[in-house]
Structure formats: structure tokens, C-alpha cells
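Novice: Structure, please.
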Amino acid sequence: MALKIVSAIYGNNGKIADVTAKVQDIVKNGNDDVLINNVTLGIDPDIGKGKQFASIYFYEDGTIHTISGKENDTLDFVK
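Specialist: Model (predicted):
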């Protein structure tokens with residue numbers, strides 16, 4: 001299933017990184033489970049602090065969804 005990531009952010013306490021392109025790259029080949037961490041997302045916007053993640057995305061049928069979690073969660077974009 002193709003997903004279109006509209007927005008994805010990762011960070012804490014105002015130190016936030018836009019990781020939209022990175023998440024889109026992860027899900028582009030049908031992988032809908034994303035491990036939320038500094039390695040997977042390619043950045044640590046607030047070193048030494050726990051971070052949060054949030055995303056808005058479309059399924060291929062056009063329905064819009066949101067998903068969120070914290071660092072080290074594995075999020076399933078197709079539930």
C-alpha cells in the first residue's frame with residue numbers, strides 16, 4: 001500500500017526536526033512499520049533527551065490519518 005507522508009516531525013522542547021522526507025523514503029516500498037529513533041530518522045534534534053514523533057499522512061485511497069509516539073516506539077502506519 002502506498003502512503004503519502006504530508007508531515008512528520010521529531011523532537012522535544014521546541015527542538016524539532018522535520019523528518020517528512022526520511023519517513024516517506026522508509027514507507028515508499030511498502031514498509032509500513034517505522035522504528036522511531038535517532039538512527040532510523042537520521043537526526044537527534046535534542047541530544048540526551050527523550051523525543052516525540054507525530055505524522056499526518058494519506059492512504060492511497062485518499063483518507064487522511066495521524067500517528068504519534070515516542071522515541072523507540074515502532075509505529076504501524078497501516079492499522
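Novice: same for the helix ranked longest in the chain, what does it pack against?
Specialist: Once the chain is assigned using DSSP state H, the helix that runs over the most residues is helix 20-27. With contacts taken as 3 or more CB pairs under 8 Å, 6 or more residues apart in numbering; DSSP states H and E, helix 20-27 sits against strand 3-12, strand 33-35, helix 38-41. C-beta coordinates here come from the backbone N, C-alpha and C atoms, glycine included.
Novice: Would you double-check that Val78 falls in a helix?
Specialist: No. With DSSP: H, G, I helix; E, B strand; the rest coil as the criterion, Val78 is coil rather than part of a helix.
Novice: Excluding covalently adjacent residues, which one is nearest to it?
Specialist: Nearest residue to Val78, sequence neighbours excluded (CB to CB, 6 or more residues apart in numbering): Asp32, at 4.1 Å.
Novice: How about the contacts made by the one you found?
Specialist: Going by CB atoms under 8 Å, 6 or more residues apart in numbering, Asp32 touches Met1, Leu3, Asp76, Phe77, Val78.
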